[in-house]
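Asker: all I have is the shape, not the residue letters:
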């Protein structure tokens, strides 16, 4: 069964919708593959001026699917593809974003989050770290905020996410807030968009080029550790891990 809804097209904007509510749109190998393929289609289609990435249900993305996790190389390739896509990618967020979902969000060029959105980098509570998602996150986020939320795993709301750079804008009405954004993208030339995106994405792409292999290896080592096994088992069994004080 597909974990991505059929693309919707309206006046040059293609909407891709994460549609796997059973696992809260977690990043499974299947979803990562489907989304990568859909983005390739958008890149090749001259009729697509911009892409909107959104979701069904109350969760935008719950992070990696612990029961069917993607290969870290494919997850890194997906995030880099979003950053390097010659067409803007806009995230429409009306639900919760956890762990690896923030990496997906950070790879987007523009993001608008509504009052129902909440955010948390929960990796440290599972014996892990936000390793590969640091490549799009750290160049965009306030360093002090990154330190706090990487370390504590605290939940924060859309207003705090916008204040600290995790998203572009917090809005009471996400769709209304997106009207001028999408109108601006429709008014721009394809060449102008591609050249402008290349400028603003350059720092993030350098992060991928410099750190990908190291962070993939670090992520794999963490996932194979005793702490991670205990953390993920405790999470799936809905109990506190052994280190909880």
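Answerer: Yep, that arrived. In this text the structure is predicted, and so the values were computed from the model without any measurement.

Asker: switch to C-alpha atoms for all contacts and neighbour counts from now on
Answerer: Noted.

Asker: could you verify that residue 52 is part of a helix?
Answerer: No - going by DSSP: H, G, I helix; E, B strand; the rest coil, the assignment for residue 52 is strand, not a helix.

Asker: for it, what are its contacts?
Answerer: Listed by CA atoms under 8 Å, 6 or more residues apart in numbering, the contact set of residue 52 reads 13, 14, 15, 16, 89, 90, 91, 92.

Asker: which of the residues you listed fall in strands?
Answerer: Of the contacts of residue 52, the ones assigned to strands by DSSP state E are 13, 14, 15, 16, 89, 90, 91, 92.

Asker: got a markdown table for those residues, with distance to residue 133, neighbour count and pLDDT too?
Answerer: Shown next, in a markdown table, are those (distance: CA to CA, whole Å; neighbours: other CA atoms under 10 Å; pLDDT from 0 to 100):
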| residue | distance to residue 133 | neighbour count | pLDDT |
| --- | --- | --- | --- |
| 13 | 26 | 21 | 98 |
| 14 | 25 | 21 | 98 |
| 15 | 23 | 23 | 98 |
| 16 | 21 | 22 | 98 |
| 89 | 17 | 26 | 98 |
| 90 | 18 | 24 | 98 |
| 91 | 16 | 27 | 98 |
| 92 | 19 | 23 | 98 |
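
Asker: all helices for this protein, in order.
Answerer: If you assign secondary structure with DSSP state H, the helices in the chain sit at 29-44, 72-84, 100-107, 134-137, 143-152, 158-164, 174-187, 190-223, 226-236.

Asker: closest one to residue 117 among these?
Answerer: Between residue 117 and the helices of the chain, the shortest separation by CA to CA is 5.9 Å, and it involves helix 158-164.

Asker: got the contact list for the most centrally placed residue in the chain?
Answerer: The structure's the chain has its C-alpha centroid closest to residue 104; by CA atoms, centre = their mean the separation is 1.5 Å. For residue 104, the contacting residues are 79, 133, by CA under 8 Å, 6+ apart.

Asker: could you do residue 161 as well?
Answerer: Residues counted as contacts of residue 161 (CA under 8 Å, 6+ apart) are 119, 167, 170.

Asker: count the neighbours of the second one for me.
Answerer: Residue 167 is flanked by 25 other residues according to other CA atoms under 10 Å.

Asker: for it, what are its contacts?
Answerer: With contact set as CA under 8 Å, 6+ apart, residue 167 has these partners: 105, 106, 110, 111, 112, 113, 158, 161.

Asker: now which of the residues you listed would you call buried?
Answerer: For the contacts of residue 167, a neighbour count by 16 or more other CA atoms under 10 Å gives the buried set as 105, 106, 110, 111, 112, 113, 158, 161.
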